[in-house]
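[1] no sequence for this one, just the structure:
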């Protein structure tokens, strides 16, 4: 299970190993990882292999974030409000993988309903980072990142509303890719903030990400925001030359002199990033430093919270505990719902709903919701302006390595840096965006991100693949440093 | 605009049918104070009111109507499997209209 999809496919094709053996190994590893890092809500112990080998993914085990609906399989969104919920249908993106013979072996823990970035708010407990169990995986695709980094299987499904695939991938030393908005159907994905939600994948190589998303994508009559991507062939085109491609990075985020009293970790992270810029140049790409209004960048985290809270409040209104979910106690329906929600929701999402509700009130909409949406447009326009000249924006992910669990609060604080949150722009604009590991600081992985213009997923993956090929972090499995 | 206060947070939570502890109430106030401070600076952006709010990731998206197609609906028995209290083929709920039980 520490091999790439192509390697596993070759082994299956040449009958060096059977799908059933792969499934057995993956299940055994799932139980070991569950014991150590708590990555799963459900392990599908009755999973069976297949003789089918006509697709690159046939017979190969994978994991599913627990906010993807799967018919007749517990799907909780990592929330107590859905702790016994068993869907009566399967998410389109997942069904497409099942149709080619891919084998699901577990459902992975997330921050409750995807509304968090630490991997600490799922109803089954904290997910630990396999590189250092005293640190967070980040989230919300926490269990998926932990499992892929631990070698349970080559890939797991994730979802990304702010950076929920790409940040945990960075903290766990793997690849996280969310394609252009709507390239993968969201039908059957539990909604968080519909205008920002993306399906995607966590893998250990760019090539694997291309193979999986090729299989997941496609227009879906059940998702009116999905579009026809039949002319996009990610895997087939991944090795195309990147010579002459133009990249840019943002001075205000990447230059150490922009920060007061930077930590040694941040200095190392940005120094490492700049070394990778030189690597890009050695591949024949041109890389420029560009400037974006800091006022705009600094507004980013609050704009994201305002929009996502407002949309989430609307989306979660069906969680009553009456038609599905554990029935609350009380004589009146209001008492039943209140008991269900008060006991079921974690403190994090309770406060997000209250803030969302306030923002959506008629007298507050202009100041908060509409202004947040206006800044969203300004940010997206600024990036689209960059894409008139550049093929992609390349930036470091976060401020360094995975954070310690005891420092995890997942609250927006005054010192929240734009550097920590800039991946949200990928969601604001629906841009294709991929995170790849780019080095280590004190034995822990750090990463960079490449984000391109909408519908230019092939180009983004080509750049990521070329850069990955020049570094030593492809297909790495976590080794505990503590 | 109503001031964002402890009382307002409790009132909003009540309307959402969510119970908040005093600690949770304080966390809402703390987080909102930062959002309020940051978004108040947006008014300083030049001509911000002339910017059209962006409501979708792909706002140049072209939607087309689907053909109407008859299809089977999900059996009610399957839908009710996730409901804790049912009576026959219906969801059991407390009396909502018509006065006292």
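    Cool, got the structure. Since we're looking at a predicted model, the values are computed, not measured.
[2] what helices or strands is the helix or strand hosting residue A:357 leaning on?
    Element membership for residue A:357 (DSSP states H and E) is helix A:347-360. Contact partners of helix A:347-360 among helices and strands, from 3 or more C-beta pairs under 8 Å, 6 or more residues apart in numbering or on different chains; DSSP states H and E: helix A:294-315, helix B:6-15, helix B:22-40. To be clear about C-beta, it is placed using only N, CA and C from the backbone, and glycine gets the same treatment.
[3] do stretch B:80-90 and chain A meet at all?
    Yes. Looking at stretch B:80-90 against chain A by C-beta under 8 Å from any C-beta of the partner chain, the contacts come from B:81, B:82, B:83, B:84, B:85.
[4] just the buried ones from the residues you listed?
    Buried members of these, scored by 16 or more other C-beta atoms under 10 Å in any protein chain shown, are B:82, B:83, B:84.
[5] is chain A within reach of the helix or strand bottoming out on mean pLDDT in chain B?
    Every helix and strand of chain B was ranked by mean pLDDT, DSSP states H and E. The lowest is helix B:22-40, at a mean of 88. Yes. Using C-beta under 8 Å from any C-beta, helix B:22-40 reaches chain A at B:23, B:24, B:27, B:28, B:30, B:31, B:32, B:34, B:35, B:37, B:38, B:39.
[6] ok now that helix, how far from the chain's centre?
    Computed by C-alpha atoms, centre = their mean, to the nearest Å, the separation of helix B:22-40 from the middle of its chain amounts to 18 Å.
[7] that helix to helix A:347-360, inter-axis angle?
    Per axes from the mean of the first three to the mean of the last three C-alpha atoms, to 10 degrees, the angle that helix B:22-40 makes with helix A:347-360 is 50 degrees.
[8] other residues contacting helix B:22-40?
    A:298-299, A:301-303, A:305-306, A:347, A:350-351, A:354-355, A:358, A:367-368, A:371-372, A:411-414, A:416, B:4-6, B:9-10, B:13, B:20 (C-beta atoms under 8 Å, 6 or more residues apart in numbering or on different chains).
[9] make a PyMOL selection of the buried ones in these.
    The following PyMOL line selects those of these that are buried, judged by 16+ other C-beta under 10 Å:
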select buried, (chain A and resi 298+299+301+302+303+305+306+347+350+351+354+355+358+367+368+371+372+412+416) or (chain B and resi 4+9+10+13+20)
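[10] sorry, back to before: for the least confident helix or strand of chain B, buried residues please.
    B:24, B:25, B:27, B:28, B:31, B:32, B:34, B:35, B:36, B:38, B:39.
[11] as CSV, the residues you listed with distance to residue A:431 would be great.
    Below are these laid out as CSV (distance: C-beta to C-beta, whole Å):
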residue, distance to residue A:431
B:24, 35
B:25, 37
B:27, 32
B:28, 31
B:31, 27
B:32, 29
B:34, 26
B:35, 24
B:36, 28
B:38, 23
B:39, 23
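[12] relative to residue A:128, which of the residues you listed is nearest.
    Nearest to residue A:128 among the buried residues of helix B:22-40, counting by C-beta to C-beta, is residue B:27 at 24.2 Å.
[13] just the strands in the stretch 251-400 of chain A please.
    For the stretch 251-400 of chain A, strands defined by DSSP state E, counting those that start in this stretch occupy the ranges A:286-290, A:392-396.
[14] can you read off the pLDDT for residue A:479?
    pLDDT recorded at residue A:479 is 92.
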